[in-house]
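**Q** everything below, folded, please.
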Amino acid sequence: MITNTISKDQALSGWINGFIGVLLFSGSLPATKLAVMDMSPIFVTIARAGIAGVLALAVLLIYKEKRPVKGQILPLVLVSIGCVIGFPLLSSLALQYITSAHSIVFLGMLPLATAVFGVLRGGERPHPVFWFFSIVGSLLVIGFAVSQGISASPIGDILMLAAVILCGLGYAEGAKLSKTLGGWQVISWALIIALPLMIPLFFIYFPDHVETVSTQGWLGLAYVALFSMFIGFIFWYKGLAQGGITSVGQLQLLQPFFGLALAAYLLHEPVSIGMLGVTIGVILCVAGTKKFAK
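**A** This is a model prediction of the structure:
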């Protein structure tokens, strides 16, 4: 078992960095929806990983970062599978069957998935009351989104559930690695691991008719490549490493509401006023998980 002592300053910094990461991630599904409306989900996944991978390679070369040691390779592969390939691909495929607002329902389960993998892989042992607040917060998010009456697709739901599980694994592995490798270094090396596969596939799956891709589609792809796939992870992994996986990970409970707001604004998808009341409940759950995370 790994025993971690986190100071108040570290915890505060962790929550601030984690919150910035959540804000940046909140635009991921609406932006992905814009991209897959004009491009194939496979190309969107490849392009976001490839663009972010080239950027990560440039940054690593500029700062002359050391290569990961042998014991860090497997965790980096898991981060790559979960966050670079798994979640982007499965969520992009899901968005062919469901709206971005409906897909955001499943993000309510992401904090719980991250916490579970934090316990299984990161050696963290939160207070039993932590699980109560975590589960209640997840149920509030799921219940709220389901109550919107958004039509569902079994295929889309299954794909999003699998995406959330893989993302939770990638978050937990990345957070554990960040303590020794560094936050931006983790996502950078995870992107580079996938880069040899992404570069040839980028040209294979490049759209045949570029002129049919709208400006919104390109902007959606640019957002997920730069912010969702690289910049957001810099803040997120740093926050998880500073404040703890199970504690800071609960900030993801706020992500669905930011995402729903963006879905309503950018895609004109219906969102109920009931969001406000449930948001307050979720914030209370986040506060509860923060108190009982150790």
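**Q** for the worst-scoring helix or strand of the chain on mean pLDDT, which helices and strands make contact with it?
**A** Counting by mean pLDDT, DSSP states H and E, the weakest-scoring helix or strand in the chain turns out to be helix 275-291, with a mean of 71. Using 3 or more CB pairs under 8 Å, 6 or more residues apart in numbering; DSSP states H and E, the elements in contact with helix 275-291 are helix 128-146, helix 245-248, helix 255-267. Just so you know, the C-beta spots here come from the backbone N, C-alpha and C atoms, and that holds for glycine as well.
**Q** switch the cut-off to 10 Å
**A** helix 8-25, helix 110-122, helix 128-146, helix 245-248, helix 255-267 (3 or more CB pairs under 10 Å, 6 or more residues apart in numbering; DSSP states H and E).
**Q** which stretch among those is buried most, on average?
**A** helix 245-248 (a mean of 31; mean count of other CB atoms under 10 Å).
**Q** residue 158 against residue 90, yeah?
**A** Yes. Assessed by CB atoms under 10 Å, residue 158 is found in contact with residue 90 at 9.2 Å.
**Q** those two: which is more packed in?
**A** Taking other CB atoms under 10 Å, residue 158 and residue 90 do not tie; residue 90 has more neighbours (22 against 13).
**Q** so which strand or helix has the more buried one?
**A** helix 87-94 (DSSP states H and E).
**Q** so what does that helix touch, helix or strand wise?
**A** Against helix 87-94 (3+ CB pairs under 10 Å, 6+ apart) you get helix 28-36, helix 41-63, helix 100-104, helix 154-181.
**Q** quick one: which of the ones you listed is nearest residue 248?
**A** Residue 248 lies closest to helix 154-181 among the helices and strands packed on helix 87-94, at 8.2 Å (CB to CB).
**Q** give me the mean pLDDT for the closest one.
**A** Averaged over helix 154-181, pLDDT sits at 89.
**Q** what comes up buried for it?
**A** 156-157, 159-160, 162-179, 181 (16 or more other CB atoms under 10 Å).
**Q** where does it sit relative to the chain's centre, distance-wise?
**A** Taking CA atoms, centre = their mean, to the nearest Å, one finds the center of helix 154-181 at 7 Å from the center of the full chain.
**Q** can I get the CA coordinates of the helix or strand following that helix in PDB?
**A** Note on helix 154-181: by DSSP H and E, the next helix or strand toward the C-terminus is helix 183-204. C-alpha atoms of helix 183-204 as PDB (Å, rounded to 0.1, in the frame of the first residue of the first chain):
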ATOM      1  CA  GLY A 183       2.000  15.900 -15.300                       C
ATOM      2  CA  TRP A 184       2.700  17.200 -18.800                       C
ATOM      3  CA  GLN A 185       5.400  14.600 -19.300                       C
ATOM      4  CA  VAL A 186       2.900  11.700 -18.700                       C
ATOM      5  CA  ILE A 187       0.400  12.800 -21.400                       C
ATOM      6  CA  SER A 188       3.300  13.700 -23.700                       C
ATOM      7  CA  TRP A 189       4.900  10.300 -23.500                       C
ATOM      8  CA  ALA A 190       1.500   8.600 -23.800                       C
ATOM      9  CA  LEU A 191       0.800  10.500 -27.000                       C
ATOM     10  CA  ILE A 192       4.200   9.700 -28.400                       C
ATOM     11  CA  ILE A 193       3.700   6.000 -27.700                       C
ATOM     12  CA  ALA A 194       0.600   6.100 -30.000                       C
ATOM     13  CA  LEU A 195       2.200   8.500 -32.600                       C
ATOM     14  CA  PRO A 196       3.900   5.900 -34.800                       C
ATOM     15  CA  LEU A 197       0.400   4.400 -35.400                       C
ATOM     16  CA  MET A 198      -1.400   7.700 -35.700                       C
ATOM     17  CA  ILE A 199       0.800   9.300 -38.400                       C
ATOM     18  CA  PRO A 200       0.200   6.700 -41.200                       C
ATOM     19  CA  LEU A 201      -3.500   6.300 -40.200                       C
ATOM     20  CA  PHE A 202      -3.900  10.100 -40.400                       C
ATOM     21  CA  PHE A 203      -3.200  10.000 -44.200                       C
ATOM     22  CA  ILE A 204      -5.100   6.800 -44.800                       C
END
